[in-house]
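Trainee: With the sequence up front, the predicted model follows.
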Amino acid sequence: MPKLAYFTRVSNSEEEQVRRRTAVFGALLVIVLITVVMSITIGSKSVPLTDAWHALTSPTGTENDIVIRSLRVPRTVLGVLAGIALGVAGALMQGHTRNPLADPGLLGVTQGAAFAMVAGIIFLGMTSLYAYIWFGMAGALIASVGVFALGMVGGRGGPTPVTLALAGTAVSAFLYALTSALVLIDEQAMDVFRFWQSGSIAARGEEVVWQVLPFIVAGLLLALINAPGLNALSLGEDVARSLGQNIALTRGIGIAAVTLLSGASVAACGSLSFIGLIVPHLVRPLSGTDHRWLLPYSGLVGAALLLFADVIGRVVAPPGELEVGIVLALMGAPFFVALVRRRKPVRL
């Protein structure tokens, strides 16, 4: 009888935990929906909620209809996709490197995308936004593969968190130096790079959304597949092996997911600082260390944070606006300082 009572208590505790986490997921989803509504209705030209609904359901070609359908909706959808991608990528990166200060840029994704875009402008004469995205995506993928390959040199069972961090830092520094040298010799490349570096989701049509959507969906599927293995890795590689985990495969799937998610968002939106770093730390008090919940929570919080920052950027400097990457940096810098200075170190 005591044993039965014990197992009953454990079962009830697990069910209660699942209900609590499901409720949190629902609350975060509501927050995302609120920021979506804010993103569609608030800007240099505010649109009443009733007019926004009319534009979405039965447009008649009015000015508000054009603003909502041609500008606000594609911008909002891209913001949701990029926020989800960067939030999940940040949680994966911190989990795989066991580094609380890691973000997706540690794989060289950002600098790889920047170098490929600048090289395409200078050597191939690229002028199209869509060409920039494809070159940026290719550069991000190549840089990540290079980092992963360097991290495997001299190691057994795949790259370790330390070798990944070192390889990513080295590749990022090398590509940044090359990019800086190239933009000095071409004015057009300098202008494009400067705008891209600030990070923005404005002036992107729905074609951009369709271009990056397959990569983000594939990255999210790999992330969900990777979550159980990452939970095992968090217990230590020896324990993970004893549980039957293939360390190299698990880490490879995780790095592939980070590359697809961060590469697609960075190529389309530019450098969006701090989302991948901040979001997992905001989420862990709600989800704990279980990546099956940490990853979806991070995606939702990342989407809400990105849209909220974009709305702030639209209203703080009318009639113009601040790029969302600048607003995120202003919001993220104090958090980063607090994270570094906290008395109790973050442990992953």
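Mentor: Now that the structure is in, tell me what you want to look at.

Trainee: Leu56: neighbour count?
Mentor: Residues contacting Leu56 under the criterion other Cβ atoms under 10 Å number 14. Where C-beta positions appear, they are placed from N, C-alpha and C, glycine not excepted.

Trainee: and Gly151, how far is that from Ile247?
Mentor: 13 Å (Cβ to Cβ, to the nearest Å).

Trainee: which of these two has more neighbours?
Mentor: Higher neighbour count among Gly151 and Ile247: Gly151, with 24 against 19, using other Cβ under 10 Å.

Trainee: Which residue is the nearest non-sequential neighbour of the more buried one?
Mentor: Closest residue in space to Gly151, ignoring its immediate chain neighbours: Pro159 at 3.0 Å, by Cβ to Cβ, 6 or more residues apart in numbering.

Trainee: Run through the residues that contact the one you found.
Mentor: Phe148, Gly151, Met152, Ala167, Arg251, Ile255 (Cβ atoms under 8 Å, 6 or more residues apart in numbering).

Trainee: and if you look at Met126?
Mentor: Met126 touches Met117, Gly120, Tyr132, Phe135, counting by Cβ under 8 Å, 6+ apart.

Trainee: dump the residue contacts of the residue nearest the centre of the chain.
Mentor: By Cα atoms, centre = their mean, the chain has its centre lying nearest to Leu86, at 0.4 Å. Leu86 makes contact with Pro104, Leu261, Ser262, Ser265, Leu272, Ile275, Gly276, Val279, Gly302, Leu306, according to Cβ under 8 Å, 6+ apart.

Trainee: quick one: contacts for the closest residue to the fifth one other than its chain neighbours?
Mentor: With Cβ to Cβ, 6+ apart as the criterion, Leu272 has its nearest non-adjacent residue at 4.4 Å, and that residue is Gly199. Contacts for Gly199 were tallied using Cβ under 8 Å, 6+ apart; they are Cys269, Gly270, Ser271, Leu272, Ser273, Glu323, Val324, Gly325, Ile326, Leu328.

Trainee: Could you report the distance from Gly199 to Leu306?
Mentor: Looking at Gly199 against Leu306, where the rule is Cβ to Cβ, the gap reads 10 Å.

Trainee: any residues in contact with both of the two?
Mentor: Common neighbours of Gly199 and Leu306 (Cβ under 8 Å, 6+ apart) are Leu272, Val324, Leu328.

Trainee: Tell me the pLDDT of the first one.
Mentor: This points to Leu272. Here, the pLDDT recorded for Leu272 equals 88.

Trainee: got the phi/psi numbers for it?
Mentor: phi -110, psi 100 (degrees, to the nearest 10).

Trainee: Touching, it and Leu328? I think so.
Mentor: Yes. Contact status for Leu272 versus Leu328: in contact at 5.9 Å, counting by Cβ atoms under 8 Å.

Trainee: With neighbour numbers in mind, choose between these two.
Mentor: Leu272 (31 against 25).

Trainee: Leaving out chain neighbours, which residue sits closest to Ala202?
Mentor: Arg75 (6.1 Å).

Trainee: ok, the one you found - contacts?
Mentor: By Cβ under 8 Å, 6+ apart, the contact list for Arg75 reads Ser39, Ile201, Ala202, Arg204, Asp310.

Trainee: and those residues, which two are the farthest apart?
Mentor: Within the contacts of Arg75, Ser39 and Arg204 form the most distant pair, 13.3 Å apart (Cβ to Cβ).

Trainee: all strands for the stretch 101-250 of the chain, in order.
Mentor: Taking DSSP state E, counting those that start in this stretch, the stretch 101-250 of the chain contains no strands at all.

Trainee: Can you pull the poorly scored residue ranges out of it?
Mentor: Scanning the stretch 101-250 of the chain for pLDDT under 70 picks out 154-158.

Trainee: Contacts only, for Ala203.
Mentor: Counting by Cβ under 8 Å, 6+ apart, Ala203 makes contact with Leu129.

Trainee: Ser44: neighbour count?
Mentor: Neighbour number of Ser44 under other Cβ under 10 Å is 12.

Trainee: now do Gly108
Mentor: By other Cβ under 10 Å, 31 other residues sit near Gly108.

Trainee: Tell me which residues touch it, please.
Mentor: Ala143, Ser144, Gly146, Val147, Gly168, Val171, Ser172, Leu175.

Trainee: these two touch, right, the last one and Ile142?
Mentor: No. The pair Leu175 and Ile142 does not pass the contact test of Cβ under 8 Å, sitting 9.9 Å apart.

Trainee: Between those two, which is the more surrounded one?
Mentor: Leu175 (23 against 18).

Trainee: Distance of Val183 relative to Glu323?
Mentor: 18 Å.

Trainee: now the contacts of Met126 as TSV including neighbour count and distance to Glu16?
Mentor: Below are the contacts of Met126 laid out as TSV (neighbours: other Cβ atoms under 10 Å; distance: Cβ to Cβ, whole Å):
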residue	neighbour count	distance to Glu16
Met117	27	50
Gly120	22	54
Tyr132	23	49
Phe135	21	50
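
Trainee: Ala91: which of these is nearest?
Mentor: Closest approach to Ala91 among the contacts of Met126 (Cβ to Cβ): Met117, at 26.7 Å.
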